[in-house]
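Asker: pasting the structure only:
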């Protein structure tokens, strides 16, 4: 018995040594990737504190020495940054609330009911994922423009509040998170169907709602192409539009736009950081289960 | 709150109604609400779907057969736009560039994401969440911010990229954004940087779902790490891979932001994508019919490719 124990121990030890070397390589790989992903952003962050003349210096300087807040001051004093910021966050906020409500409701219907035409409706919804935005962009713009609905609070919100991806995600999550028995019990207690959804399903769906919330917020907050097409009044500019216009207006100078870009990234990163767990798990739930 | 008489599926409520004081006769809605609920719940989506997807597709198909600058009435020209597209050099350039982006993401970004996920899935890895978050971060940040950062980093004279190259290998001065070939490379690097971490989390979730017994069984059978990867990991990852591949295919086929913001499609048309071609025709040159026709072709291509990919990978069948 002791012989056997010794015999199994010997190769295990050798294995462990090999694993240690592998570990070092593994961590080296992961850390170098980390640097590759973070470096451009850190570089830009550092540059946003450099004086205009120092942003492009030779050889490149890693640290902003001397550091200055001039870029941020110039941006906030001279540009309608807060107006862009408000439009962007408001539009994204409204889209998020409406889209979470619509998607969870539709996802609940697909997950927990049997009804005629379900398969057809589901496939119809699902196939819209394959419609490239570039296809509908011209006609959609014409429709919105002819209807005089180009205000950001309509045009940037309404056409996008019910993404098929969100419904798909909510369906996947609802199926596993809401037990049928609970729904039946609520019905027995006399709950209407909507009350079943609101009182029973919604509380159980909280993690997925968080995931969908971040996802819609980011999608709306970061979107560029559609706002670029549909918003023409500079007073209605969102952050990406404002930054884009500022970059053009200053002759592609980086000082102000870098400051704007860094400030614009704050809400994205904040929302992402606060709900990181829900987002990463919620996004993958559908893909893995399918 | 009390809907005493509902559908057949709830006999218990019937019993309740009997013992309860005489309730008002349930309304039509109360009697049918359970059967109608799913339709009601789905209706907002399908209203929006019809208005903002089906109608635009219809309008787009109609417009693609017209000539229109946005004013007056569209003039019917039949299939002329399509014929013109077929002989439009810019259009084919954009198709070639887009194909390059698609092939690159499928052949480089997706495998890279799988490799990183495999590394992150190592047993007992410390800081897994930190790595995962950091890799995911680029996709969270607004594309305009990202491309500004890239413009800074890939500046020919003062950029970080050339600076690092020079420090490490003694050469630099690459005209990242001004040379046609290098501009394509830069766009592709941007795509790689932005999307790899995003795709990684899907593969990682898939890997974490692979039953450990499979690996153990393979190890007992004497399979080495490489063999285990081919025999166990890849087959178990098929659903995730299918999902990722189809998503990547569809989204890369309509790539717009990266080339638009980084190079404006240039120099010349060397980084122009199909989506940019449509944008340029429709909103810079007021050729709305022409843009719509290009859109219809893109739609057909994406739809066919997507269906083929789904068939090949057998997903989406079981709904």
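Answerer: Received it, and whenever you're ready, just let me know what you need. Source: prediction; values computed, not measured.

Asker: which ones are touching residue 235?
Answerer: Since you didn't name a chain, this refers to chain A. Residue A:235 makes contact with A:80, A:83, according to C-beta atoms under 8 Å, 6 or more residues apart in numbering or on different chains. Placement of C-beta: from N, CA and C, glycine included.

Asker: who's in contact with residue 278?
Answerer: Unless you meant another one, I'm taking chain A. Residues near residue A:278 by C-beta under 8 Å, 6+ apart: A:207-208, A:210-211, A:214.

Asker: The chain in question should be chain B.
Answerer: Applying C-beta under 8 Å, 6+ apart to residue B:278 gives the contacts A:134, A:137-138, B:291, B:294-295, B:298.

Asker: shouldn't residue B:200 be in contact with residue B:116?
Answerer: Yes: the criterion here is C-beta atoms under 8 Å, and residue B:200 meets it with residue B:116 at 4.7 Å.

Asker: more crowded one of the two?
Answerer: Taking neighbours as other C-beta atoms under 10 Å in any protein chain shown, residue B:200 and residue B:116 compare with residue B:200 leading, 26 against 23.

Asker: I'd like the next helix or strand past whichever helix or strand the more buried one is part of.
Answerer: Under the criterion of DSSP states H and E, residue B:200 resides in helix B:180-208. Next helix or strand after helix B:180-208 toward the C-terminus (DSSP H and E): helix B:212-220.

Asker: buried stuff in that following helix?
Answerer: By 16 or more other C-beta atoms under 10 Å in any protein chain shown, the buried positions in helix B:212-220 come out as B:215, B:218.

Asker: what does stretch A:85-93 give?
Answerer: Those would be A:85, A:87-89, A:91-93, for stretch A:85-93 by 16+ other C-beta under 10 Å.

Asker: Run through the residues that contact the residue nearest in space to the middle of chain B.
Answerer: Chain B has residue B:251 as the residue nearest its centroid, 3.2 Å off, counting by C-alpha atoms, centre = their mean. Listed by C-beta under 8 Å, 6+ apart, residue B:251 has no contact partners.

Asker: Where does pLDDT dip in the stretch 201-319 of chain B?
Answerer: For the stretch 201-319 of chain B, the stretches with pLDDT under 70 are B:314-319.

Asker: Contact residues of it facing chain A?
Answerer: Counting by C-beta under 8 Å from any C-beta of the partner chain, the residues of the stretch 201-319 of chain B close to chain A are B:201-202, B:204-206, B:209, B:239-240, B:242-244, B:250, B:253-254, B:256-257, B:260-261, B:274-275, B:278-279, B:282-283, B:288, B:291-292, B:295-296, B:298-299, B:302-303, B:306-307, B:315-316, B:319.

Asker: Helix or strand: which one has residue B:163?
Answerer: helix B:160-169.

Asker: Could you give me the buried positions within that helix?
Answerer: B:160-163.

Asker: Stretch B:43-59 and chain A in contact?
Answerer: Yes: if you take C-beta under 8 Å from any C-beta as the test, stretch B:43-59 does meet chain A, through B:44-46, B:48-49, B:51-53, B:55-59.

Asker: Can you tell me which of these is nearest residue A:70?
Answerer: Ranked by distance to residue A:70 (C-beta to C-beta), those are led by residue B:52 at 44.1 Å.

Asker: Could you pull up the residues touching the closest one?
Answerer: A:136, A:140, A:158-160.

Asker: if we can go back for a sec, give the residues shared as contacts by residue B:200 and residue B:116.
Answerer: residue B:135.

Asker: Determine the number of other residues adjacent to residue B:285.
Answerer: A count of nearby residues for residue B:285, using other C-beta under 10 Å, gives 12.

Asker: if I look at it, how far off is residue A:41?
Answerer: Residue B:285 sits 36 Å away from residue A:41, going by C-beta to C-beta, to the nearest Å.

Asker: Then residue B:220?
Answerer: Taking C-beta to C-beta as the measure, residue B:220 falls 46 Å from residue A:41.

Asker: out of the residues of stretch B:43-59 next to chain A, which are buried?
Answerer: Applying 16+ other C-beta under 10 Å to the residues of stretch B:43-59 next to chain A flags B:44-46, B:48-49, B:52-53, B:56-57, B:59 as buried.

Asker: As a markdown table, the residues you listed with pLDDT and secondary structure would be great.
Answerer: Output for these, formatted as a markdown table (pLDDT from 0 to 100; DSSP: H, G, I helix; E, B strand; the rest coil):
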| residue | pLDDT | secondary structure |
| --- | --- | --- |
| B:44 | 89 | helix |
| B:45 | 89 | helix |
| B:46 | 90 | helix |
| B:48 | 89 | helix |
| B:49 | 89 | helix |
| B:52 | 88 | helix |
| B:53 | 88 | helix |
| B:56 | 90 | helix |
| B:57 | 89 | helix |
| B:59 | 88 | helix |
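
Asker: mind putting those residues in a markdown table, distance to residue A:273 included?
Answerer: As requested, those are exported to a markdown table (distance: C-beta to C-beta, whole Å):
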| residue | distance to residue A:273 |
| --- | --- |
| B:44 | 31 |
| B:45 | 30 |
| B:46 | 35 |
| B:48 | 31 |
| B:49 | 33 |
| B:52 | 32 |
| B:53 | 33 |
| B:56 | 36 |
| B:57 | 38 |
| B:59 | 41 |
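
Asker: can stretch B:65-78 be found next to chain A?
Answerer: Yes: contact of stretch B:65-78 with chain A (C-beta under 8 Å from any C-beta) involves residue B:70.

Asker: which residues touch that stretch?
Answerer: Stretch B:65-78 is contacted from outside by A:142, B:62-63, B:79-81, B:286-290, B:293, using C-beta under 8 Å, 6+ apart.
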